[in-house]
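[1] Here is my input; please provide its structure:
(one chain, ligands or ions: 1)
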Amino acid sequence: MTPLDHDLHQERAFHDLCRAALTRMADGAAERVVTGEDVSASGADAEDLGYHLRSHAKELREEPPGPLFFGRLDHTDGRRHHIGRRRVSAHPAEPPLVVDWRAPVARAFYQARPDDPQGVRVRRRFGWAPYSKGDSADLTGLEDEHLQGPAGAAGTGGGGGTGGAAGEAGEAGAAGGAAARSGGLLAAEIERPRVGPMRDIAATIQPEQDDLVRAPLGTSLCVQGAPGTGKTAVGLHRAAYLLYTHPGRVQRAGLLILGPNRAFLAYVSEVLPALGERDVRQTTVDEEIARAVGHEPRAEDTEAAAAVKHGARMAAVLRRALYARVVPPSAELAVPDGAYRWRLPADELAVLVEGVRAEAPPYLVGRERLRSRVVRALRTRAERRAGPVGAAWERRVGRSRPVTALLDACWPRVAPEQVLAEVLADPRDPALTGAERAAIRWARPPRSYRSARWTAADLVLLDELAGQLERTAGYGHIVLDEAQDLSPMQCRAVARRTSASGSLTVLGDLAQGTTPWAARDWREQLAHLGRPDARITALTAGYRVPGAVVDLANRLLGALGVDVPPARSVRRDGEVTVRAVTGLEEAVVDAVRAALDREGSIGVVVADAAYERLRGALEAAGVATGHPGDVAAGAPRVTVVPAGLAKGLEYDHVVLAEPAAVADAGPRGPHRLYVALTRAVSRLDVLHTRPLPGELGAAVGMS
Ligand SMILES: Nc1ncnc2c1ncn2[C@@H]1O[C@H](COP(=O)(O)OP(=O)(O)OP(=O)(O)O)[C@@H](O)[C@H]1O
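    Numbering: from 1, shown residues only. Below you'll find the predicted structure:
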């Protein structure tokens, strides 16, 4: 038996031990569900404890069948830790057999280097055969990196990793990235073909990513990351890390993941459950807003109207419209009280109204504040004449008809819909130009605000008004993906949902901004997000896109009008072909047929307007196609993706049909083309009948 066989044998036996321990943990948790419900003191405790035990037992039962560890640390002091996606222990009181990757002791797995070994002698990575539900995990290889010790330098022991990739450790990849340097198993994982939904990267998080994942809870971060640098992965792993590290605080305060669209959310939906976190809300900004305001968009804005409505000035416009109904009283207030009648003159009331208005509280808080100031003034008068009064008196006077009538006149209750309907029926705010007012003015105002048909941008404005009326309940932490695409008004909606002590993880790429209002500067966007001082970090090492594709995409950067560092790929593989063709449909069908001969997913990225035509051509040729984000088992391998939906998605093989049509679609067309070009994990086929758009044509000409 070779030393490698011996090690593999031992690790397999250890894995069997862990598997048995996990089964016992699941059985034990199930048993505690029963006893926990019996022994609790009160019904409420039993319910609470029962809930926690039940979800723990369920979690353990639902533990995916995959490998229970992916790494091992041998420390110089003799300690040894296996590291996996969740803690496994033979007994709760004993040290764990497998340490959760989020535990402080696991950090060195991601951060230790030969020049900073952090007490680690050997870092071991494991290679596992691909597995699916119902299979037991099969250990096929391992790879040791000696960070210190007799050899004194990094190198491999073992070998025989997944896909025969081990044994290449120490080789510096084209980009010289940490991943490329540190071995075959890591490179094999990064270059693995994509099938089904996005997977977690707990086994291969890179040091610069780990720094972001483990940043303290109170730190708001902004990650400017080139395509495929792992922004989304970092955001999701950070969410899992925060839930593990501060379970009480984060769960109580709430954690929210916001992504760009449903297809994207479907693609990433499996990552958190695979990391043991099943109860995190993942939604889009638009859906979150629609849910909060209780409306669906039922009308469309013109481009000009949407641009005005999404602009930052609308916050003040709405505020002015809302506060226009706060007016000084026209007469004195007189409140009957038994034999007395307490009075406050109009000028004194006007001072109270102005005082509250100047404090700028949320509108409805202001109304109540005015009520209590009025009552306090009445109380002073009453006590001067009739002696002390108590809380019951204050409550009675505060709710009396004259006081409520005064409030209704000076600081009336109002619904967000009412204010917005007034603004859109007759926009007058001087902060808007005549053209802007004309753009948002309703052509045919509805009879009542209740029957208004709101647009998507209107919902954002309703949400803004709701936030001006009452403080919005905030989350403890929000992970916001593709944040460059949010308008100032959408940013404000996110800011409102972050509690005062809460924090944000803002992920995005200014070069991938495709909405008309996409940000060009992070500091500005962060100010709209209410976190102007958030730490901005750039990620440039790309784990998705092969070097050849990155080089091509980087040539477009100059034309995108944003200042971002170019990406570099840590991948050693990848192919790009650019072909002028005469019939686009036939060329796409041929390219897809050829791609189907190889492993992995295939995305046909097309201009939005060409979606039906090219999808029809593929179906007519007998090629089954799926929808973006359809990651269910058995979904077709080929997806036709309108460029407008391509954001955040990835496919092994991308066929990009007619880049000029993608680039021509609106002022942000070149940014869309940049997104489309950077979806390929292994191979990119560019097919064109029209001349390639400027920068791309020049890049191809040069290469
Ligand atoms: N450390 C890593 N190890 C293995 N795979 C990684 C690592 N980091 C990122 N990846 C993979 O690279 C791909 C791109 O990651 P991700 O989607 O998070 O990037 P992104 O920066 O959000 O990209 P984009 O801006 O283009 O949407 C994913 O398949 C992800 O799993």
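[2] give me the residue from the stretch 601-703 of the chain nearest the ligand.
    Residue nearest to the ligand within the stretch 601-703 of the chain (C-beta to the nearest ligand atom): residue 648, separated by 4.3 Å. Quick note: C-beta positions are derived from backbone N, CA and C, even for glycine.
[3] What's the separation between the closest residue to residue 698 other than its chain neighbours and the ligand?
    Once flanking residues are discounted, residue 698 sits nearest to residue 555: 7.0 Å by C-beta to C-beta, 6 or more residues apart in numbering. The gap separating residue 555 from the ligand is 17 Å, by C-beta to the nearest ligand atom, to the nearest Å.
[4] coming back round to it: please give me every residue in contact with the nearest residue to the residue of the stretch 601-703 of the chain closest to the ligand once chain neighbours are set aside.
    Counting by C-beta to C-beta, 6+ apart, residue 648 lies nearest to residue 264, which is 4.1 Å off, once chain neighbours are set aside. Counting by C-beta atoms under 8 Å, 6 or more residues apart in numbering, residue 264 touches 481, 482, 629, 647, 648, 649.
[5] burial measure for the fourth one, as a count.
    Per other C-beta atoms under 10 Å, the neighbour tally for residue 647 reads 24.
[6] Name the SS class of it, please.
    coil (DSSP: H, G, I helix; E, B strand; the rest coil).
[7] doesn't residue 515 make contact with it?
    No: at 10.3 Å, residue 647 does not count as touching residue 515 under the criterion of C-beta atoms under 8 Å.
[8] Quick check: neighbours shared by these two?
    When C-beta under 8 Å, 6+ apart defines a contact, the residues bordering residue 647 and residue 515 alike are residue 485.
[9] Against the ligand, how distant is residue 377?
    Separation of residue 377 from the ligand (C-beta to the nearest ligand atom): 58 Å.
[10] Spatially nearest residue to that residue (excluding sequence neighbours)?
    residue 344 (5.6 Å).
[11] For the residue of the stretch 1-150 of the chain found nearest the ligand, list the residues it contacts.
    Closest approach between the stretch 1-150 of the chain and the ligand, counting by C-beta to the nearest ligand atom: residue 110, at 9.2 Å. The contact partners of residue 110, by C-beta under 8 Å, 6+ apart, come to 205, 206, 207, 210.
[12] For the third one, grab the count of nearby residues.
    For residue 207, the tally of surrounding residues (other C-beta under 10 Å) stands at 13.
[13] so it makes contact with residue 112?
    No: contact criterion C-beta under 8 Å: residue 207 and residue 112 do not qualify, at 9.1 Å.
[14] what residue ranges in the stretch 301-450 of the chain score low on pLDDT?
    The stretch 301-450 of the chain contains no residues with pLDDT under 70.
[15] Would you map the helices across it?
    With DSSP state H, counting those that start in this stretch as the criterion, the stretch 301-450 of the chain has helices at 303-310, 313-323, 346-359, 363-386, 391-398, 401-410, 416-425, 434-440.
[16] any residues touching the first one, and which ones?
    With C-beta under 8 Å, 6+ apart as the contact definition, helix 303-310 has outside contacts at 301, 314, 432, 435-436, 439-440, 455-458, 460-461, 487-490, 516-517.
[17] Drop anything exposed from those residues.
    Among those, those classed as buried by neighbour count (16 or more other C-beta atoms under 10 Å) are 301, 314, 432, 436, 439-440, 455-458, 460-461, 487-490, 517.
[18] need the residues of the stretch 551-700 of the chain near the ligand, please.
    648, 650, 678 (C-beta under 6 Å from any ligand atom).
[19] Now with 8 Å, please.
    Contact residues (C-beta under 8 Å from any ligand atom) of the stretch 551-700 of the chain with the ligand: 647, 648, 649, 650, 675, 678, 679, 681.
[20] gap between residue 639 and residue 547?
    24 Å (C-beta to C-beta, to the nearest Å).
[21] Over to residue 554?
    Following C-beta to C-beta, the distance that separates residue 554 from residue 547 is 10 Å.
[22] cool, residue 282 as well?
    Where residue 547 is concerned, residue 282 sits at a distance of 32 Å (C-beta to C-beta).
[23] again, but for residue 325
    From residue 325 to residue 547 the distance is 61 Å (C-beta to C-beta).
[24] Among those two, which residue is more densely surrounded?
    Neighbour count, other C-beta under 10 Å: between residue 325 and residue 547, residue 547 has more, with 20 against 16.
[25] Tell me if I'm right that that one and residue 575 touch.
    No: using C-beta under 8 Å, residue 547 is not in contact with residue 575; the gap is 10.6 Å.
[26] and the closest residue in space to residue 488 that isn't next to it in sequence, how many residues sit next to it?
    Of all residues not flanking residue 488 in the chain, residue 312 sits nearest, at 3.7 Å (C-beta to C-beta, 6+ apart). Residue 312 has 15 neighbours, counted by other C-beta under 10 Å.
[27] Same question for residue 451.
    The burial count for residue 451: 8, using other C-beta under 10 Å.
[28] repeat for residue 302
    Residue 302 - counted by other C-beta under 10 Å - has 11 other residues nearby.
[29] how about the residue lying closest to it once chain neighbours are set aside, what does it touch?
    Ranked by C-beta to C-beta, 6+ apart and with sequence neighbours excluded, the top spatial neighbour of residue 302 is residue 439, at 6.7 Å. By C-beta under 8 Å, 6+ apart, the contact list for residue 439 reads 302, 304, 305, 307, 308.
[30] Buried only: go through those for me.
    305, 307, 308.
[31] Chain neighbours aside, what residue packs nearest to the last one?
    Across the structure, with C-beta to C-beta, 6+ apart as the measure, the residue nearest residue 308 apart from its sequence neighbours is residue 436 (4.7 Å).
[32] remind me, longest helix of the protein?
    Of all segments of type helix in the chain, defined using DSSP state H, the longest is helix 3-39.
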